[in-house]
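Q: How does the following fold in three dimensions:
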Amino acid sequence: MNICLIGYGRMGHEIERVALSRGHQIVGKIDAEWRELPECDVVIEFTQPDSALGNITKAMAVGVPVVSGTTGWLMDWSEAVHAVDKYDGTLFYASNFSVGVYLFRQINRQLARMMNHFQSYEPMVEEIHHIHKLDYPSGTALTLADDMVEQLASKSETLAYLSSDDAPEHRADQLLIRSVREDEVPGTHTVRYESGEDSIEIKHEAKSRAALALGAVLAAEFVQGKKGIYGMEDLIPLN
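A: Next comes the predicted model:
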């Protein structure tokens, strides 16, 4: 494939390395405002929350499929869906492209279903990322927490806070997400259930950005010839 990268930071460089190793070509590297795309088969977009929707819409307007991993912009998701419909486009979105994180999500959902039988446990989510990550909570942490809220009868919404602050006062039906910004940590996500007697914890720890980059390139390969909206559940069907 001929791939155009929108966002050429740490993730963009890693995606380039993985794409080249799989025999693809990088025909464009865009790291700022843009008007025209070079001719390409797919766009892989990892930028900032305030530019993601515009990047996705402009690429689809010229008929190029988009793979996006930018987080923090999903309040505008309905507009992205509208753009897919308007341009008969293709969008693959994931808050985390790691295959390991996708498997972690499935375990998390199953554990949450089981914990409905044990009301003495209080759940929470913690995410740790490098100091360069500006948004919080991470998209992955929010996805994990949303998955839990969907399954847990005792929770109806999430509430995020930075570790530099005290845990906020919250209602019993709110699931707390604690965000930590530390050194150069690629990404660690922990789901914890605490009771007075013991605790249960599952954790995913990224060792580098390589797993994310591989997942993004696999998604770019997957969307060739397809129309519509896709996610990791389409790339890796487990049922």
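Q: Now Asp85: which helix or strand?
A: helix 77-87 (DSSP states H and E).
Q: how about that helix: buried residues?
A: By neighbour count on 16 or more other Cβ atoms under 10 Å, the buried set for helix 77-87 is 80, 83-84, 87. Yep, even glycine has a C-beta here, placed from its N, CA and C like the rest.
Q: what about stretch 140-155, average pLDDT?
A: For stretch 140-155, mean pLDDT rounds to 96.
Q: what's in contact with that stretch?
A: 71, 95-96, 101, 104-105, 108-109, 112-113, 115-116, 119, 123, 125-127, 137, 156-158, 160, 172-175, 177, 179, 187, 189, 191 (Cβ atoms under 8 Å, 6 or more residues apart in numbering).
Q: Give me the buried entries from those residues.
A: 71, 95-96, 101, 104-105, 108, 112, 115, 123, 125-127, 137, 158, 160, 175, 177, 179, 187, 189, 191.
Q: Number of residues surrounding the residue lying closest to Gly215 once chain neighbours are set aside?
A: Using Cβ to Cβ, 6 or more residues apart in numbering and skipping residues adjacent in sequence, the residue nearest Gly215 is Phe97, 3.0 Å away. The local packing of Phe97 (other Cβ atoms under 10 Å) involves 29 other residues.
Q: could you pull out the helices for this structure?
A: 10-21, 49-61, 77-87, 99-115, 139-151, 210-222, 232-235 (DSSP state H).
Q: how far away is the residue nearest to the spatial centre of the chain from Gly69?
A: Nearest to the mean C-alpha position of the chain, by Cα atoms, centre = their mean, lies Ser95 at 0.9 Å. The gap separating Ser95 from Gly69 is 7 Å, by Cβ to Cβ, to the nearest Å.
Q: How about Asp31?
A: Distance from Asp31 to Gly69, by Cβ to Cβ: 15 Å.
Q: Comparing these two, which shows the higher neighbour count?
A: Remark: of Asp31 and Gly69, Gly69 carries more neighbours, 24 against 12, as counted by other Cβ under 10 Å.
Q: Now do the nearest residue to the more buried one once chain neighbours are set aside against Gly72, distance only.
A: Closest residue to Gly69 apart from its sequence neighbours, by Cβ to Cβ, 6+ apart: Phe46 at 4.9 Å. Applying Cβ to Cβ, the value for Phe46 to Gly72 is 12 Å.
Q: Over to Val217?
A: Applying Cβ to Cβ to Val217 and Gly72 gives a distance of 22 Å.
Q: again with Lys226
A: Distance from Lys226 to Gly72, by Cβ to Cβ: 26 Å.
Q: Of the two, which one has the most company?
A: Higher neighbour count among Lys226 and Gly72: Gly72, with 18 against 12, using other Cβ under 10 Å.
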